[in-house]
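Asks: Quick one: sequence and predicted model below, then my questions.
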Amino acid sequence: MNKQENQIQKTQKGEKVESTPPTPAKPETPELSNLSEGFNLIPAMSKEEKIIEKTKSTVSIGSVVSLIVLVVISLLVVGFNILSKQILNSRTKQLYAAEARVNQQIDKLSANEDIVDRAMLYSNVKKGAFSHKDIIEFFTRMGTKIGDVNIKSVMISEQLQFTYTGNTSSLENLSKLWYILGIDENIQSINLESVSKANNRVNFSFGGQLDGKNFYNQN
């Protein structure tokens, strides 16, 4: 007010007063709180865009889950194959071991069967064989009963057919020997095949068939 009054007084006195231009108004500056919030330059999504974005997120999650499931299944399949192969190898080893044991048992059984067959064959041969010693001793006893009978040879076949050759001092002794051989139970048949006399000795040869019941081995 004093300033305006001075100006009026100066005007009244005839003094020239210069008018001062008005001071321009300062532009309003935004508050600091508004500046700190910033500006969102990305436009808001529409409802359709939100649905599409949600669908994409759902599809992405489903794809990840499917991939994880596939990986887990693949790992399970690989693990199952490895486990199956290990079990198969183990069973194969067990099978080979069992087969080896069976083959060993078969070899033992075969060896035992061979031993049994040989024992039976030996037993049969031994049982069916005859004793040459017993046959010679038999003819020797027959000659001793007559007296002065010498045995040159006794040949015996597997069927107990015999050829008995020797000599004695007379034809009478030869006839006696022929008789006692003919009636003996150990001889089935007998023939006088040849007879001759030389150097005061009578040579003879008998042929016939023995009865093996007293000459075959019974054990």
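Replies: Arrived safely. Numbers count the residues shown, from 1 in each chain.
Asks: from here on, contacts and neighbour counts on C-alpha atoms
Replies: Will do.
Asks: helices or strands up against the lengthiest strand in the chain?
Replies: Counting by DSSP state E, the longest strand found in the chain is strand 187-198. Using 3 or more CA pairs under 8 Å, 6 or more residues apart in numbering; DSSP states H and E, the elements in contact with strand 187-198 are helix 171-183, strand 201-210.
Asks: So residue 210 versus residue 183, what's the distance?
Replies: As judged by CA to CA, to the nearest Å, residue 210 and residue 183 stand 12 Å apart.
Asks: Between these two, which is the more surrounded one?
Replies: residue 210 (21 against 12; other CA atoms under 10 Å).
Asks: In contact with that one, which residues?
Replies: By CA atoms under 8 Å, 6 or more residues apart in numbering, residue 210 lies in contact with 160, 161, 162, 186, 187, 188, 189.
Asks: can you give me the helices for this structure?
Replies: Using DSSP state H, the helices of the chain run over residues 2-12, 32-37, 47-128, 132-146, 171-183.
Asks: quick one: low-confidence parts of this protein?
Replies: Residues of the chain that meet the criterion pLDDT under 70 lie in 1-45, 47, 49-51, 53-54, 56-57, 59, 117-129, 217-219.
Asks: list the contacts for residue 83?
Replies: No residues are in contact with residue 83 under the rule CA under 8 Å, 6+ apart.
Asks: The residue lying closest to residue 136 once chain neighbours are set aside pairs with what?
Replies: Nearest non-adjacent residue to residue 136, counting by CA to CA, 6 or more residues apart in numbering: residue 154, 7.0 Å away. On the basis of DSSP bridges, residue 154 is bridged to residue 164.
Asks: Would you enumerate the residues in contact with residue 154?
Replies: With contact set as CA under 8 Å, 6+ apart, residue 154 has these partners: 136, 162, 163, 164, 165.
Asks: before we move on, the earlier item: among the contacts of residue 210, the buried ones, what's the ChimeraX command?
Replies: Burial among those is assessed by 16 or more other CA atoms under 10 Å; the matching ChimeraX selection reads:
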select :160,161,162,186,187,189
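Asks: which one of the contacts of residue 210 is nearest residue 116?
Replies: Nearest to residue 116 among these: residue 160, at 28.5 Å, using CA to CA.
Asks: now that closest one: how far from residue 209?
Replies: In this view, residue 160 and residue 209 are 6 Å apart by CA to CA.
Asks: What about the nearest residue to residue 165 once chain neighbours are set aside, how many residues nearby?
Replies: Nearest in space to residue 165, with sequence neighbours left out and distances taken as CA to CA, 6+ apart, is residue 205 at 4.2 Å. Residue 205 has 18 neighbours, counted by other CA under 10 Å.
Asks: Touching, residue 205 and residue 192? I think so.
Replies: Yes: at 6.1 Å, residue 205 and residue 192 qualify as touching, with contact defined as CA atoms under 8 Å.
Asks: mind giving me the domain split of this structure?
Replies: According to automatic domain parsing, the chain comprises the domains 51-128, 132-214.
Asks: Need the winner for burial among the ones you listed.
Replies: Sort those by mean neighbour count, taking mean count of other CA atoms under 10 Å, and domain 132-214 sits at the top with a mean of 16.
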